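J.: build me a model from this:
(chains A and B)
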Amino acid sequence: MSFKEEIYELLKKHNIQNIELEVPPDSKLGDFALPCFTLAEEKKKAPNAIAEDLAKEIQPEGSVKEVKNVGPYVNFFIDKSKLAEQTIKKIFQETDLYGHSKDGEGKKVVVEFPAPNTNKPLHLGHMRNMALGACLANIIECQGYKVFRVNLNNDRGIHICKSMLAYKLWGNNNTPESDKIKSDHFVGKYYVEFAKKEKEDPNYTEQAQEMLRKWEAEDSEIRSLWEKMNSWALSGFDSTYKHFGLRPFDKVYYESNTYKDGKNIVLEGLDKGLFQKRDDDAIVVDLEKEGLGEKVLVRADGTTVYITQDLHLANLKYNEFKFDRSVYVVATEQKYHFNVLFTLLKKLQYPFAEGCYHFSYGMVHLPEGRMKSREGTAVDADDLMTKMENMAGEAIKERHKTLSKDEVKSRSQEVGIGAIKFYLLKNDANKDMTFNPKESLSFEGDTGPYLQYTHARACSILRKAKEEKDLTPSADIAFNKLADKSELALIDTLAQFPSKTEESFAGYKPHLIGQYLLTLARAFNEFYHSCPCIKEENEELAKARLSLIDCTRQTIKNGLTLLGITAIEAM
RNA sequence: GGACCUAUAGCCUAGCCUGGAUAGGGCGACGGCCUUCUAAGCCGUAGACCGAGGGUUCGAAUCCCUCUAGGUCCGCCA
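T.: Numbers count the residues shown, from 1 in each chain, chains lettered A, B, ... in the order given. Predicted structure coming up:
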């Protein structure tokens, strides 16, 4: 039974029910509080007077150590050593699984991201997508679900033809190797070049459309050019994914394989009378009632549109994975599209329709305005990673003059990438963000490196305790020795982790983990500065603190792992 | 024209779902702390009529309505 439940039981004995306990703003006031405003109304008495009487009436028992009246509240103090014991034992027992749950056992979830276009390299927008997608997948997984990470390459269409045409016209048969450029950047260069020329001469647009027609007719020359350039783009993406620390995808879909499909689904809907054939032979659906207007599903000429292939892809995924949920990690601009897609799936009465969810996230702006790949103003993913790693490397070398080159490299990679990921994950995904290089590239304050540093500090104490005093942390300690304000606050924060991961999962809110870790790191650093461990002379206290440090280390590690950030042991 | 999202100190942001006791952080500014476990840290000071107006409530940053500003979408493009 939790402390809260224990207090509810206690209150029941005094005929108080249906009032939510609150947590006072300051732990000095108490651990839990009963507001007496609604009681005041019932009993026609001032809330302060009621609270005063109740506080006298209710006798402490069990884990409740003290009952005290503060204004209109009855505040409860619980025996902190019990919380310490409960929490520390749990963490020692569960280690890497602390914060995990088995709620989703036996259920399957598909998470799709980042679904790039193969005409240009990945930029900061994709990084936000990847960070969120990977983190969301981890959070779902930690709740016991079997997660499948899937990707979709948008590898055909007019925009792809634009970079192809530019290469054909101005590429001189150069290759990424000959130009010594990363292969996806090589492709992107031609996309930017095309955009420039297209502005001056609309004739190029016409040529690109002609190329798309040839591609659709499976013209062999165009197809081989397409295959060559796509393989450049895709191999470039793969190295970016790897650098960013993404796990390999469980399945990769290609739009070029599926773009014609889905027509049978529409015909099925037509048979059932869900869709209509218009006078011009186009098949449409009337979503006026849903407030979504009329949508074309198959063109008059019998060809399919974007939404048709998405109907097909949803089915493909279900047939392959038999998922309970399917999450699409896609920017907020496509909200309407997914609204229509899911409405159609429901209309068609697919069993999986209810399980589909669009996880949308806000756009990434630059101080100058919107990022435009076409104009080459996007913040490139590879460049940003390198930049951050170099900055981290400088800082590390300054701190450790004798560290080996390899060690500097691996640490700066973890710190640099961690900084980017945390920056992208710490705030509400729903909100747009402006990438301001000056503050975004910082390693101080509310950042990933701050969390990694806190973790490294905890590791360092554990190492030294072993070396200098042969102390190892254990769950068999004198819990009542942990009585300092900062110790109690730290224990309190540690205890919250499982409910935070659960909340983060339930609401699709990755940022709750990041916010929690900041709170935890602050609590630990406060403790670190006021409670020595190795230098502590009271042996029992030193041991208790060491265990508390180990629990913090473990919890930060578990949290960072959910964010896709490596918890490094030294910085 | 319609739909959705956003608005919290000079700047970035948490809290809003589930209303409560002095609205948390961070950057920047100012002042302290490295003969004690990593100063990428810690402590302190200054800085917020929570976009505006109404409503509900004993109580509103939080719920409801209106308005304003910014953004996004509403294609037989993907």
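
J.: so where do the strands sit in the stretch 401-550 of chain A?
T.: A:433-434 (DSSP state E, counting those that start in this stretch).

J.: quick one: low-confidence ranges for it?
T.: Nowhere does the stretch 401-550 of chain A drop to pLDDT under 70.

J.: ok, residues contacting stretch A:166-186?
T.: The contact list for stretch A:166-186 (Cβ atoms under 8 Å, 6 or more residues apart in numbering) reads A:120-122, A:187, A:189-191, A:193-194, A:197, A:225, A:229, A:232-237, A:239-240, A:380, A:382. The C-beta positions use only the backbone N, C-alpha and C, and glycine is treated the same way.

J.: equivalent analysis for stretch A:10-26, please.
T.: A:4, A:7-8, A:30-35, A:38-39, A:54, A:57-58, A:61-62, A:64, A:70, A:73, A:75-76.

J.: give me that answer again for 10 Å
T.: Under the criterion Cβ atoms under 10 Å, 6 or more residues apart in numbering, residues A:3-5, A:7-8, A:29-39, A:54, A:57-64, A:67, A:70, A:73-76, A:492 lie in contact with stretch A:10-26.

J.: follow-up on the earlier one: only the buried subset of the contacts of stretch A:166-186, as a PyMOL command please.
T.: Selection of buried members from the contacts of stretch A:166-186 for PyMOL, criterion 16 or more other Cβ atoms under 10 Å:
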select buried, chain A and resi 120+121+122+187+189+190+191+193+194+197+225+229+232+233+234+236+237+240+380+382
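
J.: just the contacts of stretch A:166-186: which are in helices?
T.: If you go by DSSP state H, the contacts of stretch A:166-186 have A:187, A:189-191, A:193-194, A:197, A:225, A:229, A:232-237, A:239-240, A:382 in helices.

J.: least confident secondary structure element in chain A?
T.: Among the helices and strands of chain A, helix A:437-440 carries the lowest confidence by mean pLDDT, DSSP states H and E, at a mean of 78.

J.: in that helix, which residues are buried?
T.: Buried, per 16+ other Cβ under 10 Å, within helix A:437-440: A:Ser440.

J.: is that helix up against RNA strand B anywhere?
T.: Yes: counting by Cβ under 7 Å from any atom of the strand, RNA strand B is contacted by helix A:437-440 at A:Glu439.

J.: ok, now stretch A:316-333?
T.: Yes: residues of stretch A:316-333 contacting RNA strand B under Cβ under 7 Å from any atom of the strand: A:332-333.

J.: likewise stretch A:29-37?
T.: Yes: contact of stretch A:29-37 with RNA strand B (Cβ under 7 Å from any atom of the strand) involves A:29-30, A:33, A:35, A:37.

J.: are any of those residues buried, and which?
T.: Buried, going by 16+ other Cβ under 10 Å: A:29-30, A:33, A:35, out of these.

J.: from those, pick the one nearest RNA strand B.
T.: Checking those against RNA strand B with Cβ to the nearest atom of the strand, the nearest one is A:Ala33 at 2.9 Å.

J.: which other residues reach the one helix or strand that closest one maps to?
T.: For A:Ala33, the host element (DSSP states H and E) is strand A:32-35. Strand A:32-35 is contacted by residues A:3-4, A:6-8, A:11, A:16, A:19-25, A:47, A:50-51, A:54-55, A:58, A:64, A:67-68, A:70-78 when judged by Cβ under 10 Å, 6+ apart.

J.: can you narrow those residues to ones near RNA strand B?
T.: A:22, A:24-25, A:47, A:70-71, A:73, A:75.

J.: before we move on, back to that, how far out from the middle of the chain is the least confident helix or strand of chain A?
T.: 21 Å (Cα atoms, centre = their mean, to the nearest Å).

J.: which elements pack onto it?
T.: helix A:381-399, helix A:405-425 (3 or more Cβ pairs under 10 Å, 6 or more residues apart in numbering; DSSP states H and E).

J.: between the last one and helix A:381-399, how big is the angle?
T.: Here the directions of helix A:405-425 and helix A:381-399 differ by 120 degrees (axes from the mean of the first three to the mean of the last three Cα atoms, to 10 degrees).

J.: pLDDT value on A:Arg374, please?
T.: According to the prediction, A:Arg374 has pLDDT 87.

J.: you'd agree it is up against A:Tyr190?
T.: No: assessed by Cβ atoms under 10 Å, A:Arg374 is found out of contact with A:Tyr190, at 11.7 Å.

J.: residues shared between the contacts of these two?
T.: A:119-120, A:162.

J.: now, which of the residues you listed sits nearest A:Leu424?
T.: A:Leu424 lies nearest to A:Lys120 out of these, by Cβ to Cβ, at 19.7 Å.

J.: how many neighbours does whichever residue of the stretch 351-500 of chain A sits closest to RNA strand B have?
T.: Per Cβ to the nearest atom of the strand, A:Gly445 is where the stretch 351-500 of chain A lies closest to RNA strand B, at 2.4 Å. The burial count assigned to A:Gly445 is 9, neighbours taken as other Cβ atoms under 10 Å.

J.: do you know how far it is from A:Glu41?
T.: As judged by Cβ to Cβ, to the nearest Å, A:Gly445 and A:Glu41 stand 45 Å apart.

J.: for A:Met211, find the nearest of the helices and strands packed on helix A:437-440.
T.: With Cβ to Cβ as the yardstick, what comes closest out of the helices and strands packed on helix A:437-440 is helix A:381-399 (27.6 Å).

J.: show me the contacts for the spatially closest residue to A:Leu546 that is not a sequence neighbour.
T.: Excluding the flanking residues, the one nearest A:Leu546 by Cβ to Cβ, 6 or more residues apart in numbering is A:Pro473, at 4.9 Å. Counting by Cβ under 10 Å, 6+ apart, A:Pro473 makes contact with A:88, A:92, A:461-462, A:465-466, A:543-551, A:553-554.

J.: 8 Å - rerun?
T.: A:92, A:462, A:543, A:546-547, A:549-550.

J.: need the CA coordinates for stretch A:234-248. CSV is fine.
T.: Extracted in CSV, the C-alpha atoms of stretch A:234-248 (Å, rounded to 0.1, in the frame of the first residue of the first chain):
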residue,chain,number,x,y,z
LEU,A,234,19.6,6.2,-48.7
SER,A,235,23.1,5.2,-47.9
GLY,A,236,23.7,8.7,-46.7
PHE,A,237,20.6,8.5,-44.4
ASP,A,238,21.8,5.2,-43.0
SER,A,239,25.1,6.7,-41.8
THR,A,240,23.2,9.7,-40.3
TYR,A,241,20.8,7.4,-38.5
LYS,A,242,23.8,5.4,-37.1
HIS,A,243,25.7,8.5,-36.1
PHE,A,244,22.6,9.8,-34.3
GLY,A,245,22.3,6.5,-32.5
LEU,A,246,19.1,5.2,-33.9
ARG,A,247,18.6,1.5,-33.7
PRO,A,248,18.2,-0.3,-37.0
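
J.: and that stretch, average pLDDT?
T.: On average, stretch A:234-248 scores 98.

J.: out of the buried ones among the residues of stretch A:29-37 next to RNA strand B, who's nearest A:Asp310?
T.: Checking those one by one against A:Asp310 (Cβ to Cβ), the nearest turns out to be A:Pro35, at 49.1 Å.
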